[in-house]
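Peer 1: Fold the following, please.
(chains A and B)
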Protein chains: 2
Amino acid sequence: MATLPSAVSVVEVGPRDGLQNESALISTADKIAFVDRLTNAGLRAIEVSAFVSPKWIPQLKDAADVFAGITRRPGTRYSALVPNLIGLERALGAGVTDVAIFTAASETFNQRNTRRSIEESFATYRDVVREALSAGLRVRGYLSTAFGCPFEGPVSTEQVVALTERLLSLGVFEVAVSDTIGVAHPGQVRALLPRLLATIPSTRIALHFHDTRGTALANVLAALDFGMATFDASAGGLGGCPYAPRASGNLATEDLLYMLRGLNIETDVAIDAVSDAALALAPQLGHPLPSRYTQAR
Amino acid sequence: MATLPSAVSVVEVGPRDGLQNESALISTADKIAFVDRLTNAGLRAIEVSAFVSPKWIPQLKDAADVFAGITRRPGTRYSALVPNLIGLERALGAGVTDVAIFTAASETFNQRNTRRSIEESFATYRDVVREALSAGLRVRGYLSTAFGCPFEGPVSTEQVVALTERLLSLGVFEVAVSDTIGVAHPGQVRALLPRLLATIPSTRIALHFHDTRGTALANVLAALDFGMATFDASAGGLGGCPYAPRASGNLATEDLLYMLRGLNIETDVAIDAVSDAALALAPQLGHPLPSRYTQAR
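Peer 2: Alright, predicted model coming up:
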C-alpha cells in the first residue's frame, strides 16, 4: 500500500449520472443553476449532461441548452457523455470540450443498456475517440459494472483489467472503474487495484462508487491506501438505482468530502456549498437527499 | 497493521440504543418479537433494554417485561444498560445476566446526558460494577463521545485512552469505544487505535460507530486493519441522532454484515434475517429504515 494521497480530484457526476436516475424531470434553468453552484463550490470537473437519444434518457434531452447556459470557470472541465458519433457531433455543436464514453465490463449489462455487444461498443468508440481527439477534445472512459453485474453477478478481475487497458488504448486520458450497482466491498478494491496498477499508472484510473449498500466510503478508503486520487461522486447522493427503486445510488459528494477532510486530504471544494447545491434541487426530487452528511446538517 | 480478523463478533444494540432514539413508542410485544428475531438471525450478543428512569427514556420503561418475554438462546448474551445501583437492582430482579455501564469522554456531554460529572459517574460505577460482579454478572462499558462531542468538539486521544483503561480497571470485560454523534472518520480510527492497543489487548475493545455522516463502514474497515473484532450495530440502522433530527444514527447491522461477508470475515449471522427483523418494526417507526442494504433489497 502507498501512503494516502495529499490531494484528491473529485469528479462531480450529479448533473449527469445523478439526474439521469431521478424520475422527477428537472427544468433546464434549475440544471444550469445546479451546475453553476457546483462550479462555485470549487469542483474542477463536472459531468454536465449526456448527448444520448431523448428516448433513452428524457431527463438529459436539454444537454445543449444546459451547456449553453452554464457559466464556465477557467480550469474547470465540463463534460458530456456521448454514446456514438451522433452524440459526439451534437456535443461538438454545443461547444463541449470534454466527452466521456462508456462500456460495461459484463456482456449482458452492455447488451441491455446499449443494445450492442462490448465488441460493438469498442468499434463505435474507436471512431468516436479518434474524432474527438482530432477535434481537440479530452475523452474520459467509464467501465461500468466493474465490481458486479445485476444479470451476471461477479465480474472477473481479468476482464476489468483487460477492458480498462483497452479503453486507455483508444486514447482516453482516464478510466472511471465503476461500481454501477453499488455492490462493491473493500475486499474487491484491495484485490482489483494491485492488478490494475501492475500495468496502469494510478493517475489514469478513477474510481466511481455507488453507496447502494453503504460501502462506498469504505471502498474509497481502500483505494486511497493504494494512492488512488480521483473519485467520482454526486452532490446530495443524487441518482437512485434502477434495480432497487428505494435504494440510494451514487456516493454523495459531501459524504466523500467529509471523509477526505478528516483524512487531511485536500480537495479545494467547499463541502457545504456542494450540499447547498443539492438542497436547492431537493424540493423537486420527491424524496429526501440520500447524503448522510446533508441529512445531518 | 494486523491482518484482518477471520471472524467478528457483532453486538446488536438496536433494541436499546436504536429504539431509545426512536420517537414512536413500540409495544412490549413488538420489542419481544424483535429481540427473538434477532436471536434467530444468529446474533450472539443483544442489548435488550435499559433500566433507567422512565422519565429519562420512556421508550425503555418496559425493560423488565421485555426481558421476561424474550426467548433466550443458550450462548447468546442479553444485556441491559444500567446507570446506577437502582438500575442494577431492577436488572437483577428481572433476571438479567449481562449489564452495561456508560460514561462520556467529554465532561459537558456527561453532565448534560446524566447530570453528573465523569468523576461522579466513576464513583457510582465503582459500586455498580462491584455489586454486579459479585452477583455473577458480566459488565460491559461504553465510552461515549470518544470521537467528538456535540458541545466540546474534539476529544483528546489521551482522554479516550485514560478513560478506557479506567473503565477496564473497574472490572468491565470490554469497553465499546463509541462515536455517539457519528463524526468519526478513518483518520481518527487510525490515530486512536495504536494508542489504545499500546496498553490494552484488542479483545477488550469494541467499536461502536454511528453512520450519521456516512463514514461508519470506512471506520470499521480502518479498525479491522488493526485486528479489531467486535463491533456494535443496530438492525435496520434503527435510532436517529438527537442532535440532527433527520439524520441517521447507529451503523446498520446488515450494512456491517454485508461488508464483512465481502471481506470473508465470519459472523454466523444471517444478514437477511436481521433485515427482516428491522423491517417488521418499520411500519411503526414513521420513517424508512436508514440501512442502505435493506433499502436496496
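Peer 1: interface residues of chain A facing chain B?
Peer 2: With CB under 8 Å from any CB of the partner chain as the criterion, chain A meets chain B at residues A:182, A:185-188, A:211-218, A:220-222, A:241, A:244, A:246-248, A:252, A:255, A:258-259, A:261-264, A:288, A:291-293, A:295-297. All C-beta atoms are positioned from the backbone trio N, CA, C, and that covers glycine.
Peer 1: hmm, which of those residues are the buried ones?
Peer 2: A:182, A:185-188, A:211-218, A:220-222, A:241, A:244, A:247-248, A:252, A:255, A:258-259, A:262-263, A:291-293, A:295-296 (16 or more other CB atoms under 10 Å in any protein chain shown).
Peer 1: Now, those residues that are in helices?
Peer 2: A:186-188, A:216-218, A:220-222, A:255, A:258-259, A:262, A:292-293, A:295 (DSSP state H).
Peer 1: can you give me the strands in the stretch 51-200 of chain A?
Peer 2: Taking DSSP state E, counting those that start in this stretch to define them, one finds strands in the stretch 51-200 of chain A at A:77-81, A:98-104, A:138-144, A:174-178.
Peer 1: what stretches of the stretch 1-150 of chain A score poorly on pLDDT?
Peer 2: For the stretch 1-150 of chain A, the stretches with pLDDT under 70 are A:1-2.
Peer 1: Distance from stretch A:13-31 to the middle of the chain?
Peer 2: 14 Å (CA atoms, centre = their mean, to the nearest Å).
Peer 1: who touches it?
Peer 2: Stretch A:13-31 is contacted from outside by A:34-35, A:38, A:46-50, A:57-60, A:62, A:65-66, A:69, A:79-81, A:208, A:232-242, A:249-250, A:253, A:278, A:280-281, A:284-286, using CB atoms under 8 Å, 6 or more residues apart in numbering or on different chains.
Peer 1: Need phi/psi at A:V48.
Peer 2: Per-residue torsions, A:V48: phi -90, psi -40 (degrees, to the nearest 10).
Peer 1: Next, work out how far apart it and A:V66 are.
Peer 2: 6 Å (CB to CB, to the nearest Å).
Peer 1: Which one of these two is surrounded by more residues?
Peer 2: A:V48 (28 against 25; other CB atoms under 10 Å in any protein chain shown).
Peer 1: Show me the helices in the stretch 1-150 of chain A, by range?
Peer 2: A:19-20, A:28-40, A:63-69, A:85-93, A:107-114, A:118-134 (DSSP state H, counting those that start in this stretch).
Peer 1: Point out the most buried one among these.
Peer 2: Burial of the helices of the stretch 1-150 of chain A is given as mean neighbour count (mean count of other CB atoms under 10 Å in any protein chain shown); helix A:19-20 ranks first at a mean of 25.
Peer 1: hmm, back to that, what touches both of A:V48 and A:V66?
Peer 2: A:P15, A:V35.
Peer 1: Name the nearest residue to the residue of the stretch 101-250 of chain A found nearest chain B, sequence neighbours excluded.
Peer 2: For the stretch 101-250 of chain A, the residue closest to chain B is A:H185, as judged by CB to the nearest CB, at 2.9 Å. Sequence neighbours aside, B:G262 is the residue nearest to A:H185 in space, at 2.9 Å (criterion: CB to CB, 6 or more residues apart in numbering or on different chains).
Peer 1: Tell me, what's the model's pLDDT at that neighbour?
Peer 2: Model confidence at B:G262, given as pLDDT, is 97.
Peer 1: List the residues that contact it.
Peer 2: A:H185, A:P186, A:G187, A:Q188, A:T215.
Peer 1: Check A:R90 too.
Peer 2: Neighbours of A:R90 in contact, by CB under 8 Å, 6+ apart: A:F51, A:A63, A:A64, A:V82.
Peer 1: can you tell me how far A:E158 sits from A:A105?
Peer 2: Distance, A:E158 to A:A105, using CB to CB: 10 Å.
Peer 1: Likewise for A:T267?
Peer 2: As for A:T267, its distance to A:A105 is 28 Å (criterion: CB to CB).
Peer 1: Regarding A:A233, what is its secondary structure?
Peer 2: Of the three states, A:A233 takes strand according to DSSP: H, G, I helix; E, B strand; the rest coil.
Peer 1: State the number of residues packed around it.
Peer 2: 32.
Peer 1: distance of the nearest residue to it once chain neighbours are set aside from A:G237?
Peer 2: Setting aside the residues directly before and after it, A:A233 is nearest to A:T253 in space (CB to CB, 6+ apart), at 4.0 Å. Separation of A:T253 from A:G237 (CB to CB): 8 Å.
Peer 1: shared neighbours of the two, anything?
Peer 2: Common neighbours of A:T253 and A:G237 (CB under 8 Å, 6+ apart) are A:A278, A:S291.
Peer 1: which ones are touching the residue of the stretch 101-250 of chain A closest to chain B?
Peer 2: A:R213, A:T215, A:A218, A:N219, B:Y258, B:M259, B:R261, B:G262, B:L263.
Peer 1: quick one: it from B:G93, how far?
Peer 2: 44 Å.
Peer 1: ok, now which ones touch A:R190?
Peer 2: Contacts of A:R190 by CB under 8 Å, 6+ apart are A:A222, A:D225.
Peer 1: hmm, back to that, nearest approach to B:L88 belongs to which of the helices of the stretch 1-150 of chain A?
Peer 2: helix A:28-40 (54.5 Å; CB to CB).
Peer 1: State the distance from A:L167 to A:W56.
Peer 2: With CB to CB as the criterion, A:L167 and A:W56 are 21 Å apart.
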